[in-house]
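>>> below is the sequence, then the predicted model.
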Amino acid sequence: MSIIKIEDIAFVRFAAPDLDEMRSFLTQFGLDCFDGQGDRLYAKGRDGAPFVHSTQHGDPAFRGLGLRVQSVQDLQLLAAAEGVAVKDFAAPGGGKVVRLTDPDGVSVEVVARQTFDAPQPLAEDIPRNSAAGRPRQRAAVRLAGGPAHVIRLGHCVLNVSDFQMSERWYKQCFGFITSDEIEARPGTAMGAFMRCDRGDLPTDHHTLFLAQLPSGKGFNHAAFEVASFDDLMLGHNHLKSAKRAPAWGVGRHILGSQIFDYWKDPWGHELEHWTDGDLFSAADGSNKATVQDLLAVQWGPPHPMFAGKFAPSPNVVGFIMMLSVRIKRLFRRSPQGATA
Ligand SMILES: [Fe+2]
């Protein structure tokens, strides 16, 4: 039983030395930027959320994530359990906040009662013709080029130092449900895609993905839902013509099924465009999956790790991940209480 259940992810925070350059990138990425107080840049999507991305002036860094709960009462429960206070949230949209730190020292701000704007209207979804059905008749497809239309922040991926420890913390605090647990080898979990517990309401396959990788802890990526597949491709062309740095894509994931497209911001932090992801309710349960399932695609280019001439096989990568996880556990269990 968790302390509370979160509704969704709310925002991600970064620091960067050049806010104008960040604004230029985020605008090309399809976010709507605006200035905040005290050398801070905010950006929002089209779902009415007051902001989904925040940048403070400073050395480039990931500065944490925000999660949204349904009520201030949830914040009070969380604050009491964690021995902290509910405070006013001095950010666009206002509301209340509880500030926590996860087991790896990542700032987690839990917010409630933010003021939302009305969602911006979406372009009409154009019917797609296929061999199985031809709903678009006597009408042409004509698309306007430009940035993708980012609707909302969908998930964040964190590389963690100890998957079991972080998983326990996030589940106990926020009620996450595992959608797919990734095993480096049978019996050795190294990560999990986790969704919010919204009861019967189907929700994104993952809002948070925790991964224990040999590379150590840190920010992995944040992912933003765009309007449609065409919109994602138009956004891809726009970022490519702006000579931004691609990271991986376009392709379709196996776990979560999203069509994805990863880009790097000017300081190397990865942001993803995605569309057409799976939705599951609380009753849909949990699965186990392999590193191959995690990194392979249904279509699209291979993961960059597997793209080179001397690329390792997914089997070898899984073996290295398994060793890394097991060595870590060994240190954790040592009588000296050594921490790795
Ligand atoms: Fe992602």
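Sure thing, it's come through.

>>> CA atoms for contacts and neighbours, from now on please.
OK.

>>> let me see the contact set for Leu255.
180, 293-294 (C-alpha atoms under 8 Å, 6 or more residues apart in numbering).

>>> actually Ile254, not the one I typed
Contacts of Ile254 (C-alpha under 8 Å, 6+ apart): 293-294, 296-298.

>>> which of the residues you listed are buried, as a PyMOL select command?
To isolate the buried members of these in PyMOL, using 16 or more other C-alpha atoms under 10 Å:
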select buried, resi 293+294+296+297
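
>>> in helices only, show me the contacts of Ile254.
Residues of the contacts of Ile254 located in helices (DSSP state H): 293-294.

>>> over to the nearest residue to Gly36 once chain neighbours are set aside: give its phi and psi.
Spatial nearest neighbour of Gly36, excluding adjacent residues (C-alpha to C-alpha, 6 or more residues apart in numbering): Tyr42 at 6.4 Å. Main-chain torsions, Tyr42, degrees, to the nearest 10: phi -120, psi 160.

>>> in the stretch 1-150 of the chain, which spans are strands?
In the stretch 1-150 of the chain, the segments counted as strands under DSSP state E, counting those that start in this stretch are 8-16, 32-36, 40-44, 53-57, 61-68, 87-88, 96-101, 107-112, 150-159.

>>> reformat these as JSON lines; add mean neighbour count and mean pLDDT.
Formatted as JSON lines, the strands of the stretch 1-150 of the chain follow (neighbours: other C-alpha atoms under 10 Å; pLDDT from 0 to 100):
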{"stretch": "strand 8-16", "mean neighbour count": "22", "mean pLDDT": "98"}
{"stretch": "strand 32-36", "mean neighbour count": "16", "mean pLDDT": "97"}
{"stretch": "strand 40-44", "mean neighbour count": "22", "mean pLDDT": "98"}
{"stretch": "strand 53-57", "mean neighbour count": "22", "mean pLDDT": "98"}
{"stretch": "strand 61-68", "mean neighbour count": "20", "mean pLDDT": "98"}
{"stretch": "strand 87-88", "mean neighbour count": "14", "mean pLDDT": "98"}
{"stretch": "strand 96-101", "mean neighbour count": "20", "mean pLDDT": "98"}
{"stretch": "strand 107-112", "mean neighbour count": "23", "mean pLDDT": "98"}
{"stretch": "strand 150-159", "mean neighbour count": "24", "mean pLDDT": "98"}
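
>>> which one, of those strands, ends up nearest to Pro214?
Set against Pro214 and scored by C-alpha to C-alpha, these come closest in strand 150-159, at 9.4 Å.

>>> from what I can see Met190 touches Asp180, true?
No. Using C-alpha atoms under 8 Å, Met190 is not in contact with Asp180, being 11.2 Å away.

>>> isn't there a strand covering Cys173?
No. Looking at Cys173 with DSSP: H, G, I helix; E, B strand; the rest coil, it is helix, so not inside a strand.

>>> list the contacts of it.
Residues in contact with Cys173, defined by C-alpha under 8 Å, 6+ apart, are 2-5, 78.

>>> out of the residues you listed, grab the one that's most surrounded.
Neighbour counts for the contacts of Cys173, by other C-alpha atoms under 10 Å, peak at Leu78, which reaches 24 neighbours.

>>> which element is Pro302 on?
Pro302 belongs to no helix or strand when elements are defined using DSSP states H and E.

>>> quick check: it vs Leu295, distance?
Here Pro302 is placed at a distance of 8 Å from Leu295 (C-alpha to C-alpha, to the nearest Å).

>>> residues contacting Asp200?
Residues near Asp200 by C-alpha under 8 Å, 6+ apart: 281-283.

>>> correction: the previous question concerned Leu201.
Applying C-alpha under 8 Å, 6+ apart to Leu201 gives the contacts 280-282.

>>> how about the secondary structure of it?
coil.

>>> quick one: it from Ala189, how far?
Counting by C-alpha to C-alpha - Leu201 and Ala189 are separated by 28 Å.

>>> any idea what sits nearest Met321, other than its immediate chain neighbours?
Ala184 (5.8 Å).

>>> what helix or strand is the one you found on?
For Ala184, the element it lies in under DSSP H and E is strand 177-185.

>>> what's the first helix or strand after that strand?
strand 188-195.

>>> quick one: that next one to chain centroid distance?
Computed by C-alpha atoms, centre = their mean, to the nearest Å, the chain-centroid distance of strand 188-195 equals 14 Å.

>>> just stretch 110-126 next, same as before
The mean C-alpha position of stretch 110-126 is separated from the chain mean by 18 Å, C-alpha atoms, centre = their mean.

>>> same question, stretch 266-275
Per C-alpha atoms, centre = their mean, the centroid offset for stretch 266-275 relative to its chain is 10 Å.

>>> looking at the contacts of Cys173, which are in helices?
Leu78.

>>> and which of the contacts of Cys173 is nearest Ala247?
Lys5 (32.8 Å).
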